[in-house]
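Asks: Coordinates for the following, if possible.
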Amino acid sequence: MLNIAVFVSGGGTNLQALIDAAESGRITNGRITLVLASNDKAYALERAKKHGIESVVVARRTFSDPKDFDRRILEVLEEHCIDLVVLAGFMSILGEEFIRRYRDRIINVHPSLIPSFCGSGFYGLKVHQAALDYGVKVTGATVHFVNEIPDGGRIILQKAVYIEDGDTPETLQKRVMEQAEWKILPEAVNMFCNGLLK
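Replies: As a prediction, the model looks like this:
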């Protein structure tokens, strides 16, 4: 049974999708044993508490050196014997040392079909605004391994979502979450826990 840490910064809707998948048996051979938040006001912490999952806050703003931030997180992960890190709306960039230590054991969900609308500066509603501004007819979500390049790691799963007339960044964000992110993120975690990602 693999120990999973979910990293969050905000509301934790993707965390909830993972919790629901784990509780309904759609994630096997893995359990969420830790929620790590970069923000002590993150509602995701309430979700963790409600489901009896231990949580830790490591606030980025309290570290003047990003390397110290990474080292503190690594200490927490080692204390909890974490096998897999899932970035689920985590708004801090992890450094090279961290990524080296957890190479091919960090996965992220991004709200576009990578390589479109991704990389540095593309997060949250900005991704959906960019898709609407460009005029694409199809967007979606991608789950990928994390490497040193933002959104540059190997793709695990993607799911397309059609853009509809009258979409705003907010309506599109909601539909991409419901139709894509909440489906492929638990599926990718299950694949990892069962040794299906090589």
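
Asks: quick one: low-confidence ranges for this protein?
Replies: Counting by pLDDT under 70, the chain shows no low-confidence range.

Asks: longest helix anywhere in it?
Replies: The longest helix of the chain (DSSP state H) is helix 66-79.

Asks: So which elements touch the following helix or strand past that helix?
Replies: Per DSSP states H and E, the first helix or strand lying C-terminal to helix 66-79 is strand 84-87. Under the contact criterion of 3 or more CB pairs under 8 Å, 6 or more residues apart in numbering; DSSP states H and E, strand 84-87 touches strand 2-8, strand 106-110, helix 182-193. Backbone N, C-alpha and C define where each C-beta goes, glycine included.

Asks: now these in JSON lines, with distance to R100?
Replies: Listed next are the helices and strands packed on strand 84-87 as JSON lines, based on distance: least, CB to CB, whole Å:
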{"stretch": "strand 2-8", "distance to R100": "17"}
{"stretch": "strand 106-110", "distance to R100": "11"}
{"stretch": "helix 182-193", "distance to R100": "19"}
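
Asks: host element of E46?
Replies: helix 44-50.

Asks: who does the following helix or strand past that helix touch, helix- and strand-wise?
Replies: For helix 44-50, the following helix or strand on the C-terminal side (DSSP H and E) is strand 55-57. With contacts defined as 3+ CB pairs under 8 Å, 6+ apart, strand 55-57 has these neighbours: strand 30-37, helix 44-50.

Asks: what comes into contact with the last one?
Replies: Surrounding helix 44-50, the residues in contact under the criterion CB atoms under 8 Å, 6 or more residues apart in numbering are 6, 8-12, 15-16, 19, 35, 37, 54-55, 57, 88-89.

Asks: got it, and the longest one?
Replies: When contacts are defined by CB under 8 Å, 6+ apart, strand 30-37 is touched by residues 1-9, 12, 15, 18-19, 22, 44-45, 47-48, 53-58, 73, 76-77, 80, 82-84, 189-190, 192-193.
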